[in-house]
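Visitor: When you get a sec, could you give me coordinates for this:
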Amino acid sequence: MPERAARRPARASRLGWRLLLAAVLLLAAWLPAAAAPRIAVLTMQPGEIFFERFGHNAIVVADPATGEATSYNFGYFDPGEPGFVARFIRGDMQYQLAALPLEQDLAYYRDVGRGVDIQWLDLAPEIAAELAGQLAWNARPENARYGYDYFLDNCSTRVRDALDRALGGTLRPQLAGSRGSTYRSEATRLARPAPWMWLGFDLGLGPASDRPLSLWDEAFVPMRLQDQLRRARTPDGHPLVLHEERILPHRLPPEPAEKPRRSWPWLLGGLVLAAAATWMARIRPRLAAGAALSFWLLCTVLAALMLFIWLGTDHRFGWANRNLLVLSPLCALLLPGAIRLLRGRRRPGAVFRLLLWVPVGTTVMAWFVHGLSRFPQQNLHWILLLLPVHAALAWAWGRRPVS
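Guide: Modelled structure (predicted):
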């Protein structure tokens, strides 16, 4: 997942920190196959910045003869690069592999309080040497850049794929099962500490994000890959992970746990909002008109963003978003009528009363599409929340003019 800008992390200066790093490198030298480089996977726990919420990982190559260890980190980007923001919006992000001393890479995570685990792998000497050579070649400036994708091609999938190639393609078959998770469930789980980020993922992701993932696909999350490596085997049948330890403590809130999503609170919330809208339309019509104007304007803006993601960007997991039926762009047609109601100058005309039922119809359509889909977009909670609201507003003003 996106990790951090290409910058020089703070230098480690504490004696305990250096002793810990020395112990890790001594362990690398103590492990078998002294002539071959030792290979490990680093897994960094989630951070507090929005692009650190998904955690991070890297591959470590240690030379037992010299004690030097290099971290191959696929998570570097340069926000100051010309056109970076425009490419980010379009979904055409460029990241790069950076090779840097392990101490320098770890210093950043120590300073911000993110825990780091290291898994030393039991690779045959020739496999370890080949992987080390491939990583060194990949880290050259002419080879380091790659087209980044949040789910399909990120720091974790690059680590996963490099290990699979080194193991002769034997890792992927071991990750053929599924726990039933999806790109949406993983993204919203890890984004949960930031409500705006959670809402953005949940509203902005389309049906492509809701197909069940294999364990291989699920490894786009670094912590998931770490867990699968614990169960993986080498081509000759030995456990892939020879030794694992936490080398930096995690001082931030832990990774969010999985929670089942219940629909009834959303339905209850929708019914409460619908009752409030009905009451206001009868007792305080102008206040109700102001609330309706804000609601329809919000629907219009969110629908415009979803249409832009679908038609104007390469963010493929946001395409064909069925929330466009729930937050219909046709709500824009209701804004002039809401303004007239707010001003109290005119009663709603026949066209406005008819248009009020359009969002109701599209939301009901979304419910049918959800029920008829083999792998439905997981937006039932949004349907249950907003259908009562659309229906209440249509009932209040769609039957007859306000007296």
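
Visitor: got the domain boundaries for this structure?
Guide: Domain assignment of the chain by automatic domain parsing yields the ranges 4-177+214-248, 264-398.

Visitor: For the stretch 101-250 of the chain, which segments are assigned as strands?
Guide: 116-121, 145-148, 241-248 (DSSP state E, counting those that start in this stretch).

Visitor: quick one, what contacts the nearest residue to L121 once chain neighbours are set aside?
Guide: Excluding the flanking residues, the one nearest L121 by Cβ to Cβ, 6 or more residues apart in numbering is I39, at 4.8 Å. All C-beta atoms are positioned from the backbone trio N, CA, C, and that covers glycine. By Cβ atoms under 8 Å, 6 or more residues apart in numbering, the contact list for I39 reads 59-62, 120-121, 123, 128, 131-132.

Visitor: One more: R230?
Guide: Neighbouring residues of R230 by Cβ under 8 Å, 6+ apart: 119, 241, 244.

Visitor: rerun that using 10 Å as the cut-off
Guide: 119, 239-241, 244 (Cβ atoms under 10 Å, 6 or more residues apart in numbering).

Visitor: for G177, same thing?
Guide: 214-216, 218, 228.

Visitor: what do you get for P359?
Guide: 295-296, 299, 325-328, 330-331, 333-334, 386-387, 389-391, 393-394.

Visitor: what residues does stretch 263-283 touch?
Guide: Stretch 263-283 is contacted by residues 286-292, 295, 341, 380-393, 395-397, 402-403 when judged by Cβ under 10 Å, 6+ apart.

Visitor: And these, which of them are buried?
Guide: By neighbour count, with 16 or more other Cβ atoms under 10 Å, the contacts of stretch 263-283 hold 288-292, 295, 341, 380-393, 395-397, 402 as buried.

Visitor: got CSV for the contacts of R230, with distance to R189, pLDDT and neighbour count too?
Guide: As requested, the contacts of R230 are arranged in CSV below (distance: Cβ to Cβ, whole Å; pLDDT from 0 to 100; neighbours: other Cβ atoms under 10 Å):
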residue, distance to R189, pLDDT, neighbour count
Q119, 23, 98, 21
P239, 28, 97, 13
L240, 26, 98, 22
V241, 24, 98, 19
E244, 23, 97, 16
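
Visitor: Relative to S185, which of those residues is nearest.
Guide: The shortest approach to S185 among the contacts of R230 belongs to Q119, at 25.0 Å (Cβ to Cβ).

Visitor: rewinding a little: sort out for me which of the contacts of stretch 263-283 are in helices.
Guide: Using DSSP state H, the members of the contacts of stretch 263-283 that fall in helices are 286-292, 295, 341, 380-393, 395-397.

Visitor: And stretch 138-152, end to end?
Guide: Taking Cα to Cα, to the nearest Å, stretch 138-152 runs 19 Å from one end to the other.

Visitor: typo on my end, stretch 281-289
Guide: Terminal residues of stretch 281-289 lie 7 Å apart, using Cα to Cα.

Visitor: Please confirm that the residue nearest to L121 is located within a helix.
Guide: No - counting by DSSP: H, G, I helix; E, B strand; the rest coil, I39 falls outside a helix, being strand.
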